[in-house]
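Q: quick one, what's the 3D model for this:
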Amino acid sequence: MKRVILNTVLISCLAISACKKKQPPVNPEVPVNLLKVKTENVLYFDKYPSTTAALSQVNLLPQVQGAITGIFFTEGSHVKKGQKLYEIDQRIYQDNYDAAVANLKVAEGTLIQSQQDADRYEYLNKYNAVAKQQYDHAIITLQNAKNSVKASEQAVKSAKTNLTYAIVTAPFDGTIGFSQVKLGNVVSAGSTVLNTISTDNPIAVDFIINEKQLPHFEKLQNSKPVTDSLFTILLPDNSLYTSTGKISVIDRAVDSQTGSIRVRLVFPNPKGILRVGMSCVVRVHNEETSPQMILPSKAVVEQMGEYFVFVAKDSLMTAPKDQPDTVKNKHKLVAAQKKVQVGQTIGPNVIIKSGVSPGDRIVTDGVQSLHDGSQITTANKVAPAQGKGH
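A: Got it, this is the predicted structure:
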């Protein structure tokens, strides 16, 4: 029995020994691709979601009541200041105007008569040829006649204003929308919305910036830009609008809850391409003229809102004493994790503001297998990683 057990143990040891001999040696080096950091001049834009807006916009409200008897424009078209848009039934207002004019003529006739009487009594009063009371009454009657003429003149003006208000005209050049009323609809003064008209050339583009960017934009507003194409916009179909804009207004106050503030640009719009309410993207041409450090985005790793890269460093690796002298004190590459500050993303690349220096060798492929201090090698080519690292 003891002999069987001994043979079993011996066979097991031989099997374990054979398995160990078949396992390949462990290679601690992670294969990576490296890229040397260099600086270059880059063209890029800071982008902000934006919305187009009219510099002036108004709801057209009737000033008088009545039925709509005429509509004189094409919906969605460009209209000129003073152009006739709507007509409200003028008959009652024309009648009131004619009556006011007639009353004015009567008052003017009465004034002429009162003036003649007052002149006559004034002459007689000089020679005490008329009773004092009659003279005083004549003067009072003349003054009443004058006041009556003034009241009639005001009534004519009021009637004429109402008659004028029966014709609704465009308050400024702009684009008019869909009519909210049809022929025959009865409208109420000051409450029924007839239509909306908004200016269309130039047109505003509003976007939001962080309060930390406010000094930069105030500088752009108050100084002549280095580039003519400082402000451009991308249309909803991602095409570039041909005209450039300029800062018109920076809002009066920062939103205390969000720490943001609105900036308004103005763009020429002679062809009417821009419509109020469109969603666009404002591009602010970066005027940085100094060379920038550029790295592939896939080389940057994000951890808890911070960004890191792996820098290849030479390290002297000391081999165990039992190794031959030929393998002792061999130089190896190790990956050192470095925190960086990233800037604008430009396609597949990203600007690095700080954390590394020109000439540093950065791991671009294989970063997912690394940690700080990992041994790396470039002997085996690594397939380029897909996508971005952050």
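Q: now stretch 297-306, how far from the chain's geometric center?
A: Taking the mean of its C-alpha atoms, stretch 297-306 sits 29 Å from the chain's own mean (CA atoms, centre = their mean, to the nearest Å).
Q: mean confidence score for it?
A: For stretch 297-306, mean pLDDT rounds to 89.
Q: go through that stretch and flag the buried ones.
A: Under the neighbour-count criterion of 16 or more other CB atoms under 10 Å, stretch 297-306 has 297-301 buried. The C-beta positions use only the backbone N, C-alpha and C, and glycine is treated the same way.
Q: so which of those comes closest to Asp206?
A: Ser297 (30.1 Å; CB to CB).
Q: ends of stretch 249-256, what's the gap?
A: In stretch 249-256, first residue to last residue: 19 Å (CA to CA, to the nearest Å).
Q: how distant is that stretch from the center of its chain?
A: Counting by CA atoms, centre = their mean, stretch 249-256 comes out at 13 Å from the chain centroid.
Q: residues near Ile273, how many?
A: 15 (other CB atoms under 10 Å).
Q: and it, what's its pLDDT?
A: 93.
Q: now do the buried residues in stretch 42-59.
A: 42, 44-45, 48, 50, 52-55.
Q: scratch that, stretch 124-137
A: Within stretch 124-137, the residues that count as buried by 16+ other CB under 10 Å are 125, 130, 135.
Q: shouldn't the last one be in contact with Arg120?
A: So that's Tyr135. No: contact criterion CB atoms under 8 Å: Tyr135 and Arg120 do not qualify, at 9.7 Å.
Q: which SSE is immediately downstream of the strand or helix carrying Val342?
A: Remark: Val342 resides in strand 330-346, with elements defined by DSSP states H and E. Later in the chain than strand 330-346, the nearest helix or strand by DSSP H and E is strand 349-354.
Q: elements contacting that next one?
A: strand 292-296, strand 330-346 (3 or more CB pairs under 8 Å, 6 or more residues apart in numbering; DSSP states H and E).
Q: what lies in contact with the shortest one?
A: With CB atoms under 8 Å, 6 or more residues apart in numbering as the test, strand 292-296 has contacts from 35, 37-42, 309, 343, 346, 348-353, 356, 358, 362, 364, 389.
Q: run the last query once more with 6 Å
A: 37, 39, 42, 349, 351-352, 362, 364 (CB atoms under 6 Å, 6 or more residues apart in numbering).
Q: strands of the stretch 151-300 of the chain, start to end?
A: Assigned by DSSP state E, counting those that start in this stretch, the strands in the stretch 151-300 of the chain fall at 167-169, 174-176, 186-187, 195-198, 203-210, 231-234, 246-250, 260-267, 279-285, 292-296.
Q: just the ones you listed: most buried one?
A: Among the strands of the stretch 151-300 of the chain, ranked by average contacts under mean count of other CB atoms under 10 Å, first place goes to strand 174-176 (a mean of 22).
Q: for that one, give the mean pLDDT please.
A: Here the average pLDDT along strand 174-176 is 95.
Q: now swap in stretch 276-293 and tell me
A: 86.
Q: pLDDT below threshold where in the stretch 151-300 of the chain?
A: Counting by pLDDT under 70, the stretch 151-300 of the chain has low-confidence residues at 225-228, 287-289.
Q: at 90 what do you get?
A: For the stretch 151-300 of the chain, the stretches with pLDDT under 90 are 216, 219-230, 285-292, 294.
Q: that older thread, nearest to Ser114, out of the strands of the stretch 151-300 of the chain?
A: Per CB to CB, nearest to Ser114 of those: strand 167-169, 37.8 Å.
Q: so what does that closest one touch, helix or strand wise?
A: strand 84-88 (3 or more CB pairs under 6 Å, 6 or more residues apart in numbering; DSSP states H and E).
Q: from the chain's centre, how far out is the strand it packs on? Work that out for me.
A: With CA atoms, centre = their mean as the basis, strand 84-88 stands 35 Å off its chain's centre.
Q: with stretch 194-205 instead?
A: For stretch 194-205 - counting by CA atoms, centre = their mean - the centre lies 16 Å from the chain centre.
Q: ends of that stretch, what's the gap?
A: End-to-end distance (CA to CA), stretch 194-205: 27 Å.
Q: just stretch 276-294 next, same as before
A: Calculated as CA to CA, the first-to-last residue distance of stretch 276-294 is 38 Å.
Q: dump the strands of the stretch 151-300 of the chain into TSV; add distance to Ser315 as well.
A: Converted to TSV, these look like this (distance: least, CB to CB, whole Å):
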stretch	distance to Ser315
strand 167-169	83
strand 174-176	69
strand 186-187	86
strand 195-198	68
strand 203-210	42
strand 231-234	48
strand 246-250	53
strand 260-267	47
strand 279-285	44
strand 292-296	23
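Q: quick one: closest of these to Val30.
A: Closest among the strands of the stretch 151-300 of the chain, once you apply CB to CB, is strand 292-296, at 18.0 Å.
Q: can you tell me which helix in the protein is longest?
A: helix 91-126 (DSSP state H).
Q: tell me which of the strands of the stretch 151-300 of the chain sits nearest to Val101.
A: The closest of these to Val101 is strand 167-169. By CB to CB, the value is 18.7 Å.
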